[in-house]
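J.: Predicted model and sequence follow; I will ask about them next.
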Amino acid sequence: MASKPFTPEEARRIVQFLQTPAVFLNMTTDWPALHWTVEHLSACLTERLRFRIGKTEMIAPLFETECSYIEATIKEFLSWTANEDKSLVGPFSDYHCKEFWAYADYKYIAQLFQDKPAMFQDVVWSDFGFPGRDGRDSTLWIGTQGANTPCHLDSYGCNLVFQIQGRKRWHLFPPDDTHCLYPTRIPYEESSVFSRVSVVHPDLKKFPAFRRARVHTVTLQPGQVLFVPRHWWHYVESVDPVTVSVNSWIEMDMDDEARVGEALTKTIVCALKSTPSLDNNDHWLNPTEDGVSSHDENMQYLNLAVKACMDKSRDDTDGMTSLADQPRAEVGKRDSSGLLKTPASPTFRVPFGPHLIPVNLAHKPNCTCSKDTSCYRYNDLSRCQSTAQDEDESRSVNELQRWGQHAHQEAESPRTSGEGSGLHISTNDMLQFLIHPDVITLVTRLMMSRQRELHS
């Protein structure tokens, strides 16, 4: 068998230094998991799984708290997908497969195959330089055409995604575009931040800053592996009738200031949303969370995070440590497409080529070169990209003020109108301000500064 394009040591070094998404080719040709088609899995897994159900015509993001859920076997799932024009009995009987999508999301393989541990070896993440890592440390995704996950970022790590059957289309946005994606922590999930924007059908009147978001797109083919760096936003949709993929979440240490910010966010969200009130009647806790932590537990965690941040030496506050507990590539400034302006390392160059493909900026970026919300420039990308870059560099307080003005307009919309003025600020409206990333960063730094003064 031909050798692979990268040795495990080379692949791991690439993952360590990559700052943008990329696709690995020809790294999984001998992985037994390539045979994990949904037909194969239906024979291996006979117990029922939980499937999420959503309408194919939905335009707004469909969060996990708003989905329908059913329990079904993979065999029943396959039968449903094959019965387009026939009546169906069983768990899917209320959902026509042409009108609804379904997926079993990120099921832990260690739990699915606990009585078949030999299958763990079918996923060979050790080829990417992670000795001992296999399917045990991965999750399984099975879905139909149109099945999608809302645009979100993962707080604590990066992802390696192995496509097995069918294709999935990825829409990715760099971390610097967070302010364009209207982040929300409702529904709350400790390890994820969601976007309020439907990135494939954006409402630019409601979310005008999304015009400046720089989307990178790729359709992942069977056998390919996608690397998603930490804090890159991503929206994923299934392209083919049935799709199977395996995801490995590579945990990376957060810098201590970011950990304080996460603890602060959790404390605020849980305190406000677990308080009984007339407008606290929505499903705010993501089903993936085990439960609501008490305020005392959250405050204890916040104090531990602050203490860890203060205990850390000043010369070790550059950022997160690398996957191999070695200094990670220095994060420099990015250009308008989200790429680093300076090389990640003077001695290492990421070997892009036929076996490693960068996920590039889409040909149809949103831009701010016109007041026309439908304006997309194809021949003058440099102008609209430089405009976006200038605006990014000049934001901070001004951007936060503009965001606040827009949120104020939303609060005055007819849907929240009261008697007379039409103004009503709900708990969720207030949360959008309090846990805005810029606000959390500012409060975190003020908190740390105050603690250092008290203990100096």
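T.: Here it is on my side, so go on.

J.: Show me what the residue positioned nearest the centre of the chain bridges to in the sheet.
T.: Per CA atoms, centre = their mean, the C-alpha nearest to the average position across the chain is that of residue 153, at 3.0 Å. Note on residue 153: beta-bridge partners residue 193, judged by DSSP bridges.

J.: And it, how far from residue 181?
T.: 9 Å (CB to CB, to the nearest Å). Every residue, glycine included, has its C-beta placed from N, CA and C.

J.: list residues touching both of those two?
T.: Counting by CB atoms under 8 Å, 6 or more residues apart in numbering, the common neighbours of residue 153 and residue 181 are residue 233.

J.: ok, back up a step: so what's the predicted local confidence for the residue nearest to the centre of the chain?
T.: We have a pLDDT of 95 for residue 153.

J.: Verify the contact between it and residue 193 for me.
T.: Yes - shown here, residue 153 and residue 193 form a contact pair, counting by CB atoms under 8 Å, at 5.2 Å.

J.: ok, which stretches of the stretch 251-400 of the chain are helices?
T.: 256-273, 295-311, 381-394, 397-411 (DSSP state H, counting those that start in this stretch).

J.: I'd like to know which of these has the weakest mean confidence.
T.: Among those, helix 381-394 carries the lowest mean pLDDT, a mean of 39.

J.: Poorly predicted segments of the stretch 151-300 of the chain, please.
T.: Across the stretch 151-300 of the chain, the ranges flagged by pLDDT under 70 are 253.

J.: repeat that with 80
T.: 251-255 (pLDDT under 80).

J.: what ranges do the strands span in the stretch 101-250 of the chain?
T.: 138-144, 148-154, 157-165, 168-173, 183-189, 192-195, 216-220, 225-228, 233-238, 242-251 (DSSP state E, counting those that start in this stretch).

J.: Throw those into TSV and include distance to residue 14, thanks.
T.: TSV is the format used below for these (distance: least, CB to CB, whole Å):
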stretch	distance to residue 14
strand 138-144	20
strand 148-154	20
strand 157-165	11
strand 168-173	17
strand 183-189	29
strand 192-195	26
strand 216-220	17
strand 225-228	8
strand 233-238	19
strand 242-251	13
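
J.: right, so of these, which gets closest to residue 361?
T.: When the strands of the stretch 101-250 of the chain are compared by CB to CB, strand 216-220 sits nearest residue 361, at 5.6 Å.

J.: burial of residue 27, as a residue count?
T.: Number of residues near residue 27 (other CB atoms under 10 Å) recorded here: 22.

J.: cool, and the one 10 residues further on?
T.: Other residues lying near residue 37 total 14 when counted by other CB under 10 Å.

J.: again, but for the one 4 residues further on
T.: By the criterion of other CB under 10 Å, residue 41 has 24 neighbours.

J.: What of the one 3 residues further on?
T.: Number of residues near residue 44 (other CB under 10 Å) recorded here: 12.

J.: Same question for residue 450.
T.: 10.

J.: ok, now residue 99?
T.: By other CB under 10 Å, the residues close to residue 99 number 10.

J.: With adjacent residues omitted, what lies nearest to residue 23?
T.: residue 357 (4.6 Å; CB to CB, 6 or more residues apart in numbering).

J.: Which residues belonging to stretch 130-141 are considered buried?
T.: Buried residues in stretch 130-141, counted by 16 or more other CB atoms under 10 Å: 130, 133, 134, 135, 136, 137, 138, 139, 140, 141.

J.: Can you lay out those as TSV showing pLDDT?
T.: Output for these, formatted as TSV (pLDDT from 0 to 100):
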residue	pLDDT
130	93
133	93
134	94
135	93
136	91
137	84
138	94
139	94
140	95
141	95
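
J.: from those, which single one is nearest residue 239?
T.: Closest approach between these and residue 239, by CB to CB: residue 141, at 13.4 Å.

J.: from memory the closest one sits against residue 237, does it?
T.: No - here residue 141 does not reach residue 237: they are 11.9 Å apart, not a contact under CB under 8 Å.

J.: for residue 57, helix, strand, or coil?
T.: Classification of residue 57 into helix, strand or coil gives coil, according to DSSP: H, G, I helix; E, B strand; the rest coil.

J.: re earlier: got a pLDDT number for the residue nearest to residue 23?
T.: Looking at residue 357, its pLDDT is 97.

J.: can you tell me how far it sits from residue 267?
T.: Per CB to CB, residue 357 is found 42 Å from residue 267.

J.: got a list of what the spatially closest residue to residue 230 that is not a sequence neighbour touches?
T.: With CB to CB, 6+ apart as the criterion, residue 230 has its nearest non-adjacent residue at 4.7 Å, and that residue is residue 158. By CB under 8 Å, 6+ apart, the residues touching residue 158 are 15, 227, 228, 229, 230, 249, 250, 252.

J.: between those, which is closest to residue 294?
T.: Nearest member of the contacts of residue 158 to residue 294, counting by CB to CB, is residue 249, at 27.1 Å.

J.: does that closest one have beta-bridge partners, and which?
T.: Going by DSSP bridges, residue 249 is paired in beta bridges with residue 159.

J.: centre of the chain versus stretch 178-186, how much separation?
T.: 11 Å (CA atoms, centre = their mean, to the nearest Å).

J.: shared neighbours of residue 153 and residue 193, anything?
T.: Common contact partners of residue 153 and residue 193 (CB under 8 Å, 6+ apart): residue 183.

J.: for the contacts of residue 158, which one is nearest residue 362?
T.: Comparing these against residue 362 with CB to CB picks out residue 228 as the nearest, at 16.1 Å.

J.: excluding its backbone neighbours, what's nearest the closest one?
T.: Per CB to CB, 6+ apart, closest to residue 228 is residue 159, 4.2 Å.

J.: these two touch, right, residue 164 and residue 245?
T.: Yes - Residue 164 is in contact with residue 245 according to CB under 8 Å; the separation is 5.9 Å.
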